[in-house]
Structure formats: structure tokens, C-alpha cells
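> Quick one, structure for this:
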Amino acid sequence: MENNLLWMIAGMGVVTYLPRVLPLVLINTNRIPPRLQRILSNVPFAILGALIFPGILHINGDSMWFGLLGACVAGLTAYLNWNIILVVLSSVAALSICSFFMG
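Numbers count the residues shown, from 1 in each chain. Next comes the predicted model:
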């Protein structure tokens, strides 16, 4: 039983390690065209947006408008190039004021 557990842990380590190392070994950054590098540099932002956006819509079980208000305030303040802390605080303040007056 314990031998199986060790093999399982080793397998999980290999499965985690390979996807991180193979791109470094197989792809030399000098061979990637600049246009593809620009496209790939946007992938983390797209993934982050895909992970966060559904949570915004379901922040309040009753209505999605509450989450959209916070997203709009955060989007507006980020568009105005505010500091990231001010973006978060303005969104939290807007939602706090909204929940205070709306109940």
C-alpha cells in the first residue's frame, strides 16, 4: 500500500514537472517570431479574465448586477490608470456603499 502511494506521488511530480520544463528545453526563445511572442504575452491576462469573470457574475446569489457594478468601477478606475490598490479600494467602496443603501 505504501509503495503505491510513493509511486503515485512520484507520478504526480513528473506530471507537474514535465509541462514546465519541456517548453524551456524544446523551444529556444530566439526562434519564436516576435509577433507570436506578442500574442503569447497576452495569454496570462486572458486566462486570468476567464477565471475571474464568472465569479464576478455570481458574487451575489440574487443578482448579477452587484458584481457588474464592482467590475465597472474597477474597469473605469483601471482605465484611468489609477494605482492597483486604488482600483481595488474603489471597487470595494462602491460595493460597500451600494450594499449599505440597498440593504
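> Tell me where the model's unsure across the chain.
Counting by pLDDT under 70, the chain contains low-confidence ranges at 1, 28-30, 103.
> On the three-state scheme, the spatially most central residue of the chain is what?
In the chain, the C-alpha closest to the average C-alpha coordinate belongs to residue 48, at a distance of 2.4 Å (C-alpha atoms, centre = their mean). Going by DSSP: H, G, I helix; E, B strand; the rest coil, the secondary structure assigned to residue 48 is helix.
> Run a quick neighbour tally on residue 46.
Applying other C-beta atoms under 10 Å, we find 9 other residues in the vicinity of residue 46. Heads up, the C-betas are built off the backbone N, CA and C, glycines and all.
> so what's it up against?
Residue 46 makes contact with no residue, according to C-beta atoms under 8 Å, 6 or more residues apart in numbering.
> how much space between it and residue 53?
When C-beta to C-beta, to the nearest Å is applied, the distance between residue 46 and residue 53 equals 11 Å.
> ditto for residue 8
With the distance defined as C-beta to C-beta, residue 8 ends up 35 Å from residue 53.
> what does residue 27 give?
From residue 27 over to residue 53 the distance is 30 Å, taken as C-beta to C-beta.
> Residue 90 contacts residue 73, correct?
Yes. In this structure residue 90 lies within contact range of residue 73 using C-beta atoms under 8 Å: 5.6 Å.
> which neighbours do these two share?
Both residue 90 and residue 73 lack any common contact, where contact means C-beta under 8 Å, 6+ apart.
> Tell me the secondary structure of residue 60, please.
With three-state DSSP as the basis, residue 60 sits in coil.
> Residue 63 too?
With three-state DSSP as the criterion, residue 63 reads coil.
> That one: neighbouring residues, count only.
12.
> try residue 15
Under the criterion other C-beta under 10 Å, the count of neighbours that residue 15 has is 9.
> For it, give its distance to residue 5.
From residue 15 to residue 5 the distance is 16 Å (C-beta to C-beta).
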